[in-house]
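J.: next one to model:
(2 chains)
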Amino acid sequence: MASTFTIRVNGRQHAVVTDADRPLLDVLREDLGLTGTKFGCGEGACRACTVILDGQATQSCITTMATAADAEIETIEGLASGDQLHPVQQAFIDQSGMQCGYCVPGQIMSATALLREDPHATREKIIDAMTGNLCRCCNYGNILAAVEQAAARE
Amino acid sequence: MSNQSREFDVSSLREESPAEFERYEFREPPRYVFAADRREFVGALGAGLVILVSPQGAQAQREGRQARREERLADRLHVGVDGVVTVFTSKVEVGQGARTQITQAAAEELRLPMEQIRLVMADTASCPDDGGTAGSRTTPSTIPRVRNACAAARARLVEFAAAKLHAETSEVQYDGGAFSVPSGAATTLGDLAADRKLIEALQAPPAADVEIRSVDSWQVLGAPAPKVGAVAIVTGRHRYPSDVQVQGMVYGKVLRPASYGATLKDADLAPAKAMDGVTAVRDGNFVGCTAPTSWRAAQAVEAIAATATWDRPPHLHSDRLYEHLQNTAKAEGGGRRGEGRQWGDWQAALAAARKRLQSTYRVAYIQHAPMEPRAAVAQWQDGRLTVWTGTQQPARVHSELQNAFRLEATDVRVIVPDTGGGFGGKHTGEAAVEAARLAKAAGKPTSLRWTREEEFTWAYFRPAGVIEIDAALDESGRLTAWDVTNINSGGSAIDSPYQSASGRTRVLAADAPLRQGSYRALASTANNFAREAAMDELAELANVDPLDFRLAHLGPGRLRDVLVAATDRFDWRSRRAAGRSAGVACGTEKGSFVAACVEAAVVNNTIRVTSICQAYECGAIQNPKNLLSQVQGCIMMGLGGALREEIRFADGQIVNPSFSSYQVPRMDDLPDLDVVLLNRQDLPSVGAGETPIIAVAPALAGAVFAATGKRRRSLPLQI
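T.: Predicted coordinates:
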């Protein structure tokens, strides 16, 4: 059943031989070693696995390789430029937007996708876009503050 | 690199975990009993096998039983030639900020910037056993221990520098890793570390009279130090346990029982074994597969599951949970503190009550649901086992592995990378044992990560409970009797802080249908909810404002201080006078004090929390930034159990084992949050990761009563 799929991840092209219905998340983590994208639920309900796929925040745990084929994918590993953190990453540090931090890559990818669309997103819009991203440390106040910081700067 | 060697028998430093767990903390048999292979069987019988114990090891074990201050400084810290000091602790980082605060503590006493401290946590091969990470013990136990060791090391280093610089110890000026003496001679930590004699200087344990820096001179502690390791987190570089990848690794998956208590009658491994790259193993009731990908491993286990037949015993339905707990409550043995206590003639006081309250409160089973499910990577090399896993109890997992595979202590190593959440939910080593068994079958390192459904089903739960309160008021509205019984959920914080002339507390065990274990703040959330909800009802009977009723029964002290601080900041009296729907609650547990005020509305039969003001006091604040984050997180997590979270089950299965069906707090639940931190620099610091969770639910219940005129006596609050 395996087929060859081409995906571009963080600007690099990869040919992956795998099943068409295998989740993109598994391929990123297990085949490409990009473990920054996290598993949280496997049903698209917590968004720990969020990547940016052709510009859209996307839950990679419910995105099959058939869907991801030929797409342009950005993961948390591709966000910083060398040692220069992306403003959203810096904002999460400045505002203590993490406790255990496991949800943070997904939070940052969701926020980044939002702020590219709407660089000065209002608080309401941020909450609307981010409320799908679970944080079991429940650090929502600081996460909101981080995205608001990034929204004002960008 | 340094020339200092680090070697010791890890078992020599094990200590019993402090008695901080509830009765329901595990006394269960191992989930799997693996068959012994021939070599092990001979070993177990002892036939023809000479067991060598090195005299050094035996000596170390004896020493390990002695007081903590007998530990060698060299076991606690290591000075590198680069001037970096590596500090070792068995504590784990699960988001509570232990890594940052222990680093601050070491930096404080070693007079170094935090960047010059490297903290190695929870590696059983190199870390002294400070106990598991539970019970808010890191701040009151581990941090003083680390500070003492670092202060003692600093003193030794100064002595060592004095000798090297040919000066008196008292002449040495030391700060930030640099030593100097009046002659102008100078040296550095890195230079000292290059001297082989330093390891000898660090052999002796810290002296009892080591001087640690007093709170009013703190330079590093007390400051809002940012989280250590934050850059690795925001860039995705940090490897959580589920991210660990080693050369040649395969992925594992375990066949789960069809329902609680089900036993496997038969299963055919052939369809799994026919798959490319799949190894399948059955060992007793353990069945699992490995494959080159987790996707294939799951398919292989599904193929076996399709052939499996089970004996399924009947299992309670969650609709009958509370009546079941009440019906099976046992007369004794419920609490870690024994039978509870009695004072005064509570029976007579109840009989003579002017007004009497008899209320029953319920708390549901809920789950921690940490973002990172249980995960482990296991690797066997020459009969020795290394496991990377997410657990709050590395020493306990070490024992589980040792027992499961009949290994010598020194042949097992458990490493806990900073982990994606715990909340009391990761005290066990299921994934570690399973990964190790699969790795043994595959002959390859094996990664195993539970699915969310596995986590919701096969981990453990905060116990459900029924709490009965019987209380009496006299004609002046004072409490004269306070009788509280907790069935099944435990005894934490069951002692009421309110004055009552008589009373009784009881903690009763019951037949629990689900696997129960620890949770953030243990049973104190349940007991605090029941007590504070009852106090509201008693205030109404006494026709007194809920705040005034509480104040009338509280002496001066720390609890009163936080209650006054929270209600002042919240403007309790003005809001109440304006008819707004507000509730208040307070409580104390593990030596810290919390009070919360909540305003809420009920719209379309849904509770909407609009604002929360919470005051909290835990002695001298060691890191205000981390503390604020913990307090805010506790409040929001507590809202989950107050508003929606409830594990339901039927036919031996969890009905809502997913984030789509088990609704935890989200960003759009965030109310206006106002936190007041009282910094009591005159008091010892205590842990703050748990207690701030206990006041929000009863305060919300009070607000919901104010909004609707109806009492809700169950968590989650039902409208």
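J.: which SS class is the closest residue to chain A within chain B?
T.: Residue of chain B nearest chain A, by CB to the nearest CB: residue B:236 (2.0 Å). (C-beta placed from N, C-alpha, C; glycine too.) Of the three states, residue B:236 takes coil according to DSSP: H, G, I helix; E, B strand; the rest coil.
J.: does it touch residue A:28 like I think?
T.: No - Residue B:236 lies out of contact with residue A:28 (CB atoms under 8 Å); the separation is 10.5 Å.
J.: where do the contact lists of these two overlap?
T.: Contact criterion CB atoms under 8 Å, 6 or more residues apart in numbering or on different chains; residues shared by residue B:236 and residue A:28: A:34, A:37, A:75.
J.: out of the residues you listed, which are inside helices?
T.: Using DSSP state H, no member of the shared contacts of residue B:236 and residue A:28 falls within helices.
J.: what's the closest non-adjacent residue to residue B:423?
T.: residue B:368 (4.1 Å; CB to CB, 6 or more residues apart in numbering or on different chains).
J.: enumerate every residue touching that neighbour.
T.: Going by CB under 8 Å, 6+ apart, residue B:368 touches A:136, B:421, B:422, B:423, B:424, B:425, B:426, B:459, B:462, B:519, B:520.
J.: now do the helices in chain A.
T.: Taking DSSP H as the test, the helices found in chain A are A:24-26, A:65-68, A:87-94, A:104-117, A:123-130, A:140-153.
J.: any idea how many residues pack against the residue of chain A found nearest chain B?
T.: Closest to chain B within chain A is residue A:36: 2.0 Å, counting by CB to the nearest CB. Neighbourhood size, residue A:36 [other CB atoms under 10 Å in any protein chain shown]: 27.
J.: quick one, grab the pLDDT at it.
T.: In this model, residue A:36 is scored at 98, pLDDT.
J.: number of nearby residues for the closest residue to it other than its chain neighbours?
T.: Using CB to CB, 6+ apart and skipping the chain neighbours, the partner closest in space to residue A:36 is residue B:236 (2.0 Å). Look at residue B:236: counted by other CB under 10 Å, it has 26 neighbours.
J.: and residue B:236, what does it touch?
T.: Going by CB under 8 Å, 6+ apart, residue B:236 touches A:34, A:35, A:36, A:37, A:75, A:76, A:77, A:105.
J.: can I get those residues in a markdown table including distance to residue B:552?
T.: Below are the contacts of residue B:236 laid out as a markdown table (distance: CB to CB, whole Å):
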| residue | distance to residue B:552 |
| --- | --- |
| A:34 | 61 |
| A:35 | 57 |
| A:36 | 55 |
| A:37 | 56 |
| A:75 | 59 |
| A:76 | 54 |
| A:77 | 59 |
| A:105 | 51 |
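J.: kindly report the residues of the stretch 251-400 of chain B close to chain A.
T.: B:251, B:293, B:294, B:295, B:368, B:369, B:370, B:371, B:372, B:373 (CB under 8 Å from any CB of the partner chain).
J.: from the residues you listed, pick the one nearest residue A:1.
T.: residue B:295 (11.2 Å; CB to CB).
J.: tell me the SS of the closest one?
T.: helix.
J.: contact partners of stretch B:202-216?
T.: By CB under 8 Å, 6+ apart, stretch B:202-216 touches B:69-74, B:77, B:79, B:108-109, B:144, B:147-149, B:151-153, B:155-156, B:219, B:221-222, B:620, B:681-682.
J.: filter the residues you listed down to just the ones in helices.
T.: B:73-74, B:108-109, B:144, B:147-149, B:151-153, B:155-156.
J.: please name the residues that touch residue B:177.
T.: By CB under 8 Å, 6+ apart, the neighbours of residue B:177 are B:83, B:111, B:112, B:116, B:188, B:189, B:190.
J.: name the nearest residue to it, ignoring sequence neighbours.
T.: residue B:189 (4.3 Å).
J.: same check, this time on residue B:498
T.: Closest residue to residue B:498 apart from its sequence neighbours, by CB to CB, 6+ apart: residue B:553 at 3.9 Å.
J.: which ones are touching the one you found?
T.: Per CB under 8 Å, 6+ apart, neighbours of residue B:553: B:478, B:479, B:498, B:499, B:500.
J.: how long is stretch B:488-496 end to end?
T.: Using CA to CA, to the nearest Å, the end-to-end distance of stretch B:488-496 comes to 18 Å.
J.: kindly report the same for stretch A:45-53.
T.: Span of stretch A:45-53 from end to end, CA to CA: 17 Å.
J.: anything in that stretch near chain B?
T.: Yes - for stretch A:45-53 and chain B, the contact criterion (CB under 8 Å from any CB) is met by A:45, A:46, A:48.
J.: ranges for the helices of the stretch 1-150 of chain B?
T.: With DSSP state H, counting those that start in this stretch as the criterion, the stretch 1-150 of chain B has helices at B:38-45, B:55-64, B:73-76, B:98-110, B:143-164.
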